[in-house]
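*Asks:* attaching a predicted model along with its sequence, questions to come.
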Amino acid sequence: MNQASIETFARGYVTGFFDVVSAMLAQPAANMVSTVKPSGAAEVTGYLAKYNALMRAQIESGGAVALLMSGADANRIVAGALGEAEVSDVSIAGRDPAALREVFEPCLGGGTSFFKEKYGKVLALKGTEALACGPDIAAGLHQYLGAGSSAAEFSFSLGEGHDAAGVLLFSDVLSDVVPQQAPAQGGSSVAGAMSQDEVNAMLSGLGPNADSESYSAPVAGAAHRDVPLADPRNLDMVLDIRLTATARLGRVEMQISDILTLGPGSIIEVGHLVDEPVELLVNDKLIARGDVVVVDEKFGLRITEIISPRERIESLR
């Protein structure tokens, strides 16, 4: 396997995973990959002695991914995503398996979505799960990844003063989604020289409430990741990109025969009550609700509610 492609896959997957975490928590989850190296049974055992929360999934076309972090950090993500009070538990053993999957399945999918946006490569997940773990499952996890796997150690931040770490384990065969001629992720290109794919990949790193002041600095002590997608230095490149905002009054399903009978004076009930808020969508993704107002003889929308991180993730499915 090409080592450059393996490293590019690792950095891209970690980026995509934490893009979704950022959206769930409505705050940036800065992340950096420090090392990428081959992973054997001994390495897997060592990682499982250090981290006790496992998120993993198989890829339908072959291979698998497994991401490890501490149970305390996993609990912090789950609590933020579901709008729950934070718990001090250092294990996710007591968590509802359905809730764990609800939170981490989109995160694992965010990792594979990075490559669909960047290179047009689809990696479909199957058998996703999140569970408490320990060294006793090392042999099974090594077999799960198959012959030829790598480990990418990374650092991440879940808010000011909360720096953490984890490791991504993945089958080397997955690096085939990275074109051989593709340069390493990042670079020193400026906005005028960026391709549309690079712009799309950069946009995928921006959370719903992102602005130039909300992104934290790289995690202290972590090795530099080539031009992080959520780095403040990159925001100026995308701030003038136009997105479509739509106010949705309601919607209704109609049969074709009914549509053909429509004419001037026809009335369509859209199922929206008079006192219900209107939905605001950006690029067809629900982000807020509000009331209709009139401004200078034109309709406007006064925002009354920004939807919760959990609802934002639901809208991305």
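*Replies:* Everything's here; your move.
*Asks:* can I get the host helix or strand of Ala99 in CSV, CA atoms only?
*Replies:* Following DSSP states H and E, the helix or strand that holds Ala99 is helix 97-119. These are the backbone C-alpha positions of helix 97-119, laid out as CSV (Å, rounded to 0.1, in the frame of the first residue of the first chain):
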residue,chain,number,x,y,z
PRO,A,97,-26.6,1.0,23.2
ALA,A,98,-29.3,2.6,21.0
ALA,A,99,-28.3,6.1,22.2
LEU,A,100,-24.6,5.4,21.6
ARG,A,101,-25.3,4.2,18.1
GLU,A,102,-27.5,7.2,17.5
VAL,A,103,-24.7,9.6,18.3
PHE,A,104,-21.6,7.8,16.9
GLU,A,105,-23.1,6.2,13.7
PRO,A,106,-23.3,9.7,12.1
CYS,A,107,-19.7,10.4,13.3
LEU,A,108,-18.4,7.2,11.7
GLY,A,109,-20.3,8.1,8.6
GLY,A,110,-18.8,11.6,8.6
GLY,A,111,-15.4,10.0,8.2
THR,A,112,-16.4,8.2,5.1
SER,A,113,-18.4,11.2,3.8
PHE,A,114,-15.1,13.1,3.6
PHE,A,115,-14.0,11.0,0.7
LYS,A,116,-17.3,11.2,-1.1
GLU,A,117,-17.0,15.0,-1.0
LYS,A,118,-13.2,15.1,-1.7
TYR,A,119,-12.8,12.4,-4.3
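*Asks:* got the buried residues for the next helix or strand after it?
*Replies:* Reading on from helix 97-119 to the C-terminus, the next helix or strand found by DSSP H and E is strand 125-132. Within strand 125-132, the residues that qualify as buried by neighbour count (16 or more other CB atoms under 10 Å) are Leu125, Thr128, Ala130, Leu131, Ala132. Every residue, glycine included, has its C-beta placed from N, CA and C.
*Asks:* ranges for the helices of the stretch 201-317 of the chain?
*Replies:* When secondary structure is read from DSSP state H, counting those that start in this stretch, the stretch 201-317 of the chain shows helices at 232-235, 256-260, 309-316.
*Asks:* domain map for the chain?
*Replies:* Per the record, the chain has its domains at 3-235, 245-316, by automatic domain parsing.
*Asks:* which of these has the highest mean neighbour count?
*Replies:* Across those, averaging neighbours per residue (mean count of other CB atoms under 10 Å) puts domain 3-235 on top, at a mean of 18.
*Asks:* what's the spacing between Glu297 and Tyr144?
*Replies:* Distance from Glu297 to Tyr144, counting by CB to CB, to the nearest Å: 63 Å.
*Asks:* kindly report the same for Gly265.
*Replies:* Counting by CB to CB, the separation of Gly265 from Tyr144 is 63 Å.
*Asks:* mean pLDDT added to the domains of the chain, as CSV?
*Replies:* Converted to CSV, those look like this (pLDDT from 0 to 100):
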stretch, mean pLDDT
domain 3-235, 81
domain 245-316, 81
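*Asks:* so who does the residue nearest to Ala288 when sequence neighbours are not counted touch?
*Replies:* If you skip the residues right next to it in sequence, Ala288 has Leu280 as its closest partner in space, 4.3 Å away by CB to CB, 6 or more residues apart in numbering. Under the criterion of CB atoms under 8 Å, 6 or more residues apart in numbering, the neighbours of Leu280 are Ala245, Thr246, Ala247, Arg248, Leu286, Ile287, Ala288, Arg289, Gly290, Leu301, Ile303.
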